[in-house]
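K.L.:
A predicted structure for the sequence below; I have some questions about it.
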Amino acid sequence: MDIFSKNKLLTRLVVVLIFLNVVSIGFQWWDKLDNNGRPPKPEINKLTAILTKELQLTPMQAESLKKIRVEFFEKEEILQQQVRVRRDSMNRLMFNEQTDTLLVKNIARRIAEYEYLTQMCRLEQAQQLKSICTKEQLKKLDELVIEMRDYFQPRQRNKPPPPPDK
């Protein structure tokens, strides 16, 4: 009888441990998905460190770069939140019984405007960065742009190539 009660205790303990492992893996997975493919906030410091080293930025330039990046991420987050809200409302309207096509088109236009504003923020960020760099640093930055994009968007590297056009 004692052996059976020990087995029940061990079985319950194993089940609890499996459950805890699944929950912890789920939290880690959820945390990775939560950033929408963007670098998390600590990546701002990492990017600044990489660019400071590669471009040989002065401490003043590095501080300016960090400030530019933080401002960009704040603006981008606000704009992306607006896009998400509009897309959610557009999806609700599109799959409603009676779809108001004109309203859906207007919402789609607003989404496109927010996406445009996001790209304009990228342009503004680039202009600010160009203003703090020397010509040699800009030349080196030009070489690093694609490499940095790939580094901060690992999902892009794992995607299969698009099918050929027919």
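P.N.:
In hand now; what should we look at?
K.L.:
alpha carbons only for contacts and neighbour counts from here, please
P.N.:
OK.
K.L.:
After the helix ranked longest in the chain, which helix or strand is next?
P.N.:
Longest helix in the chain by number of residues (criterion: DSSP state H): helix 59-94. Downstream of helix 59-94, the first helix or strand assigned by DSSP states H and E is helix 101-132.
K.L.:
for that following helix, what is the average pLDDT?
P.N.:
The average of the pLDDT scores along helix 101-132 is 93.
K.L.:
roughly how far is the following helix or strand past that helix from the heart of the chain?
P.N.:
Downstream of helix 101-132, the first helix or strand assigned by DSSP H and E is helix 135-152. Computed by CA atoms, centre = their mean, to the nearest Å, the chain-centroid distance of helix 135-152 equals 19 Å.
K.L.:
helices or strands next to helix 135-152 in the packing?
P.N.:
Judged by 3 or more CA pairs under 8 Å, 6 or more residues apart in numbering; DSSP states H and E, helix 135-152 is in contact with helix 42-55.
K.L.:
Okay, now the unreliable bits of this protein?
P.N.:
Across the chain, the ranges flagged by pLDDT under 70 are 1-4, 6, 31-44, 151-163, 165-166.
K.L.:
on that earlier part again, and the longest helix of the chain with helix 101-132, angle?
P.N.:
Angle of helix 59-94 versus helix 101-132, following axes from the mean of the first three to the mean of the last three CA atoms, to 10 degrees, is 170 degrees.
K.L.:
Pull the distance from helix 59-94 to the chain's centre.
P.N.:
Mean-position distance between helix 59-94 and its chain equals 10 Å (CA atoms, centre = their mean).
K.L.:
Next, the buried residues of it.
P.N.:
For helix 59-94, the neighbour count (16 or more other CA atoms under 10 Å) marks 61-62, 64-66, 68-69, 72-73, 76, 79-80, 82-83, 86-87, 90, 93-94 as buried.
K.L.:
Now do that helix: which elements does it pack against?
P.N.:
The contact analysis (3+ CA pairs under 8 Å, 6+ apart) places helix 59-94 against helix 42-55, helix 101-132.
K.L.:
Give me the buried positions along the shortest one.
P.N.:
Looking back up the chat, that one is helix 42-55. If you call a residue buried by 16+ other CA under 10 Å, then helix 42-55 has these buried ones: 44, 47-49, 51-52, 55.
K.L.:
Which one of these is nearest to Glu113?
P.N.:
Each of the buried residues of helix 42-55 was scored against Glu113 by CA to CA, and Ile44 proved nearest at 26.3 Å.
K.L.:
between the helices and strands packed on helix 59-94, which gets nearest to Leu141?
P.N.:
Among these, if distance is taken as CA to CA, the winner is helix 42-55, at 7.0 Å.
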